[in-house]
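# sequence unknown, structure follows:
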């Protein structure tokens with residue numbers, strides 16, 4: 001039995017974005033309870049050379065929307081990458097979710113063989129199914145997991161169940 005590219009992408013991205021929303025709720029409650037400036041959490045990072053929490057949200061959002069745009073040969077909405085508050089990150093997630101909701105299973109039929117050039121200057125080209133399974137989904141979940149790790153590192157009580165939804 002095969003699984004459709006739609007089922008591998010849209011619902012998976014929606015699930016990951018839902019986890020990111022849960023993290024924001026928990027981070028906001030933690031900041032309120034512990035009297036931590038929310039800006040500290042939004043700017044927190046695991047290492048100096050890694051993106052902060054806001055960057056993890058931006059890249060997860062970008063990964064979801066650009067994956068679907070590349071697969072369908074369409075343009076994704078552009079966001080400014082300037083979020084600095086929990087509410088701004090929520091707004092970005094909502095815009096990403098709205099974009100994902102515009103895709104039907106039919107819109108992704110037959111994209112398995114579409115040739116997708118990986119972002120950056122690698123020159124690597126993959127068929128759509130391999131692009132989704134070996135690049136797009138791992139990249140998306142890297143950023144979701146890193147957001148989880150940043151918040152956990154800051155003391156926010158997020159756990160495996162939050163990650164899994």
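Received it, and whenever you're ready, just let me know what you need. Since the structure is predicted, the reported quantities are computational estimates derived from the model, not experimental observations.
# check contacts around residue 70.
The contact partners of residue 70, taken as C-beta atoms under 8 Å, 6 or more residues apart in numbering, are 116, 131. From N, CA and C alone the C-beta is placed, and that goes for glycine too.
# separation between it and residue 106?
Here the criterion is C-beta to C-beta, to the nearest Å. By it, residue 70 lies 18 Å from residue 106.
# what do you get for residue 46?
With distances defined as C-beta to C-beta, the gap from residue 46 to residue 106 amounts to 40 Å.
# so for the two, which sits in the more crowded spot?
More neighbours surround residue 46 than the other of residue 46 and residue 106, with 16 against 8 (other C-beta atoms under 10 Å).
# could you list the low-pLDDT ranges of the chain?
For the chain, the stretches flagged by pLDDT under 70 are 1.
# all strands of it, in order?
Listed from the start of the chain, the chain has strands (DSSP state E) covering 115-117, 125-127.
# nearest to residue 61, out of the ones you listed?
Checking these against residue 61 by C-beta to C-beta gives strand 115-117 as the closest, at 18.8 Å.
# residues of that closest one that come out buried?
Buried residues in strand 115-117, counting neighbours by 16 or more other C-beta atoms under 10 Å, are found at residue 116.
# wait, residue 58 touches residue 79, no?
Yes: contact between residue 58 and residue 79 holds when scored by C-beta atoms under 8 Å: they sit 7.2 Å apart.
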